[in-house]
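S.K.: I would like the atomic coordinates for the input below:
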Amino acid sequence: MINSLLFINFISGSATNICEHFLTNKNLISLITAKKDATTPCACSEFDMALDTMFVKVGQCFEEWLFNDGMKQRCCYRYTRRVPSSF
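M.R.: Reported below is the predicted structural model:
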């Protein structure tokens with residue numbers, strides 16, 4: 001359903017409609033919230049994350065090796081202050 005919506009909005013040139021649909025779809029929001037709670041939390045520091053064998057480094061981020069209830073966690077860190085970046 002989302003793919004067809006993306007295609008239709010791509011043709012009409014309206015990316016705003018995609019965002020509005022995404023932000024107002026209660027079923028999608030509930031699904032994301034439920035799945036988010038099942039993911040492995042990010043470590044507070046990049047150093048601690050590097051020690052966690054459940055994650056592999058990809059650029060400035062660390063991604064889980066395995067899926068957890070259909071989800072994979074991605075934790076990104078800034079090099080300057082070593083704090084999790086907004087994602």
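S.K.: Where does pLDDT dip in the protein?
M.R.: 1-13, 79-87 (pLDDT under 70).
S.K.: all strands of the chain, in order?
M.R.: 55-58, 61-64, 74-76 (DSSP state E).
S.K.: Parallel or antiparallel, which strands does the first one pair with?
M.R.: Read it as strand 55-58. Next to strand 55-58 in the sheet, as set by DSSP bridges, lie strand 61-64 (antiparallel).
S.K.: what distance separates the strand it pairs with from the middle of the whole chain?
M.R.: From the chain centre to the centre of strand 61-64 is a distance of 11 Å (Cα atoms, centre = their mean, to the nearest Å).
S.K.: So what touches that strand?
M.R.: In this structure, residues lying in contact with strand 61-64 by Cβ atoms under 8 Å, 6 or more residues apart in numbering are 39-40, 42, 46, 49-50, 52, 54-56, 72-77. Heads up, the C-betas are built off the backbone N, CA and C, glycines and all.
S.K.: hmm, back to that, could you save the strands of the chain as JSON lines and add columns showing distance to residue 27 and mean neighbour count?
M.R.: Below are those laid out as JSON lines (distance: least, Cβ to Cβ, whole Å; neighbours: other Cβ atoms under 10 Å):
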{"stretch": "strand 55-58", "distance to residue 27": "30", "mean neighbour count": "14"}
{"stretch": "strand 61-64", "distance to residue 27": "25", "mean neighbour count": "18"}
{"stretch": "strand 74-76", "distance to residue 27": "23", "mean neighbour count": "17"}
